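In: requesting a structural model of the entry that follows:
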Amino acid sequence: MQENAGLRPARLSSMSLTKAAFARCLKVGRSGRGNSVSLSILGNQSNSPRLGMVVPKRIISRAVDRNRIKRIVREWFRARYGELGGCDLVVRIRKPAPDKPAERVLIEELVRLAPKRPS
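Out: Purely as a prediction, here's the structure:
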């Protein structure tokens, strides 16, 4: 059983990527792409997962919409914190989904792209 199974981060800063780890994950990590999101994954030295996000202003122009997407991604990450193991994840929003509610599409794609145990 995983050491951090069932654990949740105490606060946002404990699960955020540093600038160097963020850049390393984008450059070296494995990536998967969906219609509206891409996910880069790289193992880290700790036993806990860390999250980074890119929600471009040119794609989602209103700040309230960008913040909502970030909240959705953080909640998805918190709910699966114990399953992800020691990895760095960078979620990049590519384009909004025009035909379905953004929350549903985003969560479906993240579930499909994220591994249970990254290598």
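In: would you mark the buried spots in the longest helix along the chain?
Out: The residue-count maximum for a helix in the chain (DSSP state H) belongs to helix 63-79. With burial defined by 16 or more other CB atoms under 10 Å, the residues of helix 63-79 counted as buried are Arg66, Arg68, Ile69, Ile72, Val73, Arg74, Trp76, Phe77. To be clear about C-beta, it is placed using only N, CA and C from the backbone, and glycine gets the same treatment.
In: before we move on, what about stretch 42-49?
Out: Neighbour-count burial for stretch 42-49, with 16+ other CB under 10 Å as criterion, is recorded at Leu42, Gly43, Asn44, Ser48, Pro49.
In: also stretch 86-105?
Out: Gly86, Cys87, Asp88, Leu89, Val90, Val91, Arg92, Ile93, Ala97, Ala102, Val105.
In: can I get the CA coordinates of the longest helix of the chain in PDB?
Out: Taking C-alpha atoms only, helix 63-79 is exported to PDB below (Å, rounded to 0.1, in the frame of the first residue of the first chain):
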ATOM      1  CA  ALA A  63     -10.200  36.100 -14.800                       C
ATOM      2  CA  VAL A  64     -13.200  34.700 -13.100                       C
ATOM      3  CA  ASP A  65     -13.200  31.800 -15.600                       C
ATOM      4  CA  ARG A  66      -9.500  31.200 -15.200                       C
ATOM      5  CA  ASN A  67      -9.800  31.100 -11.500                       C
ATOM      6  CA  ARG A  68     -12.800  28.700 -11.700                       C
ATOM      7  CA  ILE A  69     -10.700  26.300 -13.900                       C
ATOM      8  CA  LYS A  70      -7.800  26.500 -11.400                       C
ATOM      9  CA  ARG A  71     -10.200  25.600  -8.500                       C
ATOM     10  CA  ILE A  72     -11.600  22.700 -10.500                       C
ATOM     11  CA  VAL A  73      -8.100  21.300 -11.200                       C
ATOM     12  CA  ARG A  74      -7.000  21.800  -7.500                       C
ATOM     13  CA  GLU A  75     -10.000  20.000  -6.200                       C
ATOM     14  CA  TRP A  76      -9.400  17.100  -8.700                       C
ATOM     15  CA  PHE A  77      -5.800  17.000  -7.500                       C
ATOM     16  CA  ARG A  78      -6.800  17.000  -3.800                       C
ATOM     17  CA  ALA A  79      -9.300  14.200  -4.300                       C
END
